[in-house]
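A.B. asks: With the sequence up front, the predicted model follows.
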Amino acid sequence: MTEREAVLFRLFVCATFMKGEPDHALLERAESLGPATTKVGYSLVEVGTLGGMIEGGLGAVVGELYSVDYETLAACDKKRDHPRLFRRSILTLADGNEAHAYFLDMEQVRGRRRIRGGDWRRRFAPRAQGELAPAGAFVRWARGRHSR
């Protein structure tokens with residue numbers, strides 16, 4: 001075993017790398033550390049068939065945590081075209097621990113749908129009865145305009 005193979009990385013995944021999703025096969029050799037959630041301050045955005053996390057959101061993102069070796073991390077980097085398309089960086093989990101994760105930049109997600117609740121698997125779930133969609137910038141402007 002080489003020194004490179006002995007090093008393990010904690011990887012937080014939140015979309016197509018999760019169990020049951022199309023890219024999960026890359027994590028077959030990885031040890032699952034179970035479900036995990038980020039601390040508040042991230043958002044999950046739908047970008048075509050992929051989900052992308054951004055920093056600076058108002059919520060938390062739901063996902064899974066894995067312990068991966070260097071080769072698995074390199075394969076995930078290649079799949080996410082790191083650093084050209086996605087950028088791998090460190091994030092903070094709800095329990096205060098840190099892990100690697102893949103991020104998109106704010107410019108890449110402008111105008112894209114934010115996934116309510118930060119949960120990739122619930123992205124198509126219907127809203128609870130009586131739950132309204134959050135007001136966008138135009139609606140907030142219009143409400144303020146008519147309240148004068």
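C.D. replies: Great, that's in hand.

A.B. asks: okay, now Gly51: neighbour count?
C.D. replies: Using other Cβ atoms under 10 Å, Gly51 has 25 other residues around it. Any C-beta I mention is one placed from the backbone N, CA and C, and that applies to glycine too.

A.B. asks: who does it bridge with?
C.D. replies: Glu46 (DSSP bridges).

A.B. asks: wait, it sits on Arg113?
C.D. replies: No - the pair formed by Gly51 and Arg113 falls short of the contact definition of Cβ atoms under 8 Å, at 10.3 Å.

A.B. asks: overlap in contacts of these two?
C.D. replies: Taking Cβ atoms under 8 Å, 6 or more residues apart in numbering as the contact rule, the neighbours common to Gly51 and Arg113 are Val45.

A.B. asks: So for the closest residue to Ser89 other than its chain neighbours, what pLDDT did the model give?
C.D. replies: In space, Ser89 comes closest to Phe103 once its chain neighbours are excluded; the distance is 5.6 Å by Cβ to Cβ, 6 or more residues apart in numbering. Note on Phe103: pLDDT of 97.

A.B. asks: I'd guessed Phe103 sits against Phe86; true?
C.D. replies: Yes - taking contacts as Cβ under 8 Å, Phe103 lies within contact range of Phe86: 6.5 Å.
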